[in-house]
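[1] What follows is a predicted structure for the sequence shown.
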Amino acid sequence: MGEALEREELRKAVELARLIVREAERGARWPSLALILNRGVYTRKPMRTGKRAGAMPPIVTVIIIVAAVVAAALAAYFIYATTARGVRQVSLTVIGQPTLYARQGGGVELRVTFKNDGTADVDLTGSIISVQTKNKTVVEFANPTPVIRDGSLKLSPGDSVALVYTAEAQLDWFPDGAMATLQTRDGYQTSFAVAKP
């Protein structure tokens, strides 16, 4: 590339010398020769100076570098946060058959056992189970209490708990195999079927 550039410069110099000679033969004086030397050979435009066209000021370069670093940091944080959420998940499974029973004082109770098969803790305090009735309405079972009175409603990974939920309803409102959905205060949901004795 260096040799081609030198050849091009040499060609331009030769052409400029020829132009000067032609102007001199026509009787041109020194001011017009100076004008020729200050103009380009082909287009008669001012000759190029040492300033590079299209070069970026240093501040623009700094801004681009800072923006690239910030974008890389945001992308790394997004990837880390997404991976951390994906690794720590709640996964509740139902053990045995959840069953509806008529209560002696009135109402219905739902007995169900949950196991946390996930990698994050889950708190069943304040959770609600919605059970579908025969006429396609929903009855909410609330107030979960452990069957073993000293049991905790916060399940660590691998823990299980048997709970009793209650609702003001009648047992004959529900079909055998009715669909139920558990919803925790954290927004976790799982669905299962309930049976009647």
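    Looks like it came in fine. This structure is a prediction, so every number in the text was calculated from the model and none was measured. Numbers count the residues shown, from 1 in each chain.
[2] can you tell me the average pLDDT over the lengthiest helix in the chain?
    If you go by DSSP state H, the chain has its longest helix at helix 58-87. Helix 58-87 comes out with an average pLDDT of 81.
[3] Which elements pack onto it?
    Contacting helix 58-87 under the criterion 3 or more CB pairs under 8 Å, 6 or more residues apart in numbering; DSSP states H and E is no other helix or strand. (Glycine included, C-beta is placed from N, CA and C.)
[4] what about that helix, distance to the chain center?
    13 Å (CA atoms, centre = their mean, to the nearest Å).
[5] What are the buried residues along it?
    Counting neighbours by 16 or more other CB atoms under 10 Å, one finds that helix 58-87 has no buried residues.
[6] Equivalent analysis for stretch 144-163, please.
    Those would be 144, 153, 155, 157, 161, 163, for stretch 144-163 by 16+ other CB under 10 Å.
[7] With stretch 184-193 instead?
    184, 188, 190, 192.
[8] Could I get the CA-only coordinates of that stretch as CSV?
    C-alpha atoms of stretch 184-193 as CSV (Å, rounded to 0.1, in the frame of the first residue of the first chain):
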residue,chain,number,x,y,z
THR,A,184,-49.7,-18.2,48.0
ARG,A,185,-49.2,-14.6,49.0
ASP,A,186,-46.0,-14.6,46.9
GLY,A,187,-48.0,-15.4,43.8
TYR,A,188,-47.1,-19.0,43.4
GLN,A,189,-49.9,-21.2,42.0
THR,A,190,-50.4,-25.0,41.6
SER,A,191,-53.5,-26.9,40.6
PHE,A,192,-54.7,-30.3,41.7
ALA,A,193,-57.9,-32.4,42.0
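[9] mean confidence score for that stretch?
    The average pLDDT within stretch 184-193 is 89.
[10] For that stretch, give me every contacting residue.
    90, 92-94, 98, 112, 122-127, 177-183 (CB atoms under 8 Å, 6 or more residues apart in numbering).
[11] Residue 175 in helix, strand or coil?
    When classified by DSSP: H, G, I helix; E, B strand; the rest coil, residue 175 comes out as coil.
[12] which residues in this protein form helices?
    Using DSSP H, helices in the chain cover 2-25, 30-37, 58-87.
[13] Low-confidence regions, this structure specifically.
    For the chain, the stretches with pLDDT under 70 are 1-3, 5, 10, 14, 16, 20-21, 23-56, 84-88, 149-151.
[14] at 90 instead, please
    Scanning the chain for pLDDT under 90 picks out the ranges 1-93, 104-106, 116-126, 143, 145-160, 185-190, 196-197.
[15] which ones are touching the closest residue in space to residue 158 that isn't next to it in sequence?
    In this structure, residue 158 finds its nearest non-sequential neighbour in residue 116, 6.6 Å apart by CB to CB, 6 or more residues apart in numbering. Applying CB under 8 Å, 6+ apart to residue 116 gives the contacts 90, 91, 92, 122, 155, 156, 157, 158, 159, 160.
[16] what about 10 Å?
    90-93, 122, 124, 154-161 (CB atoms under 10 Å, 6 or more residues apart in numbering).
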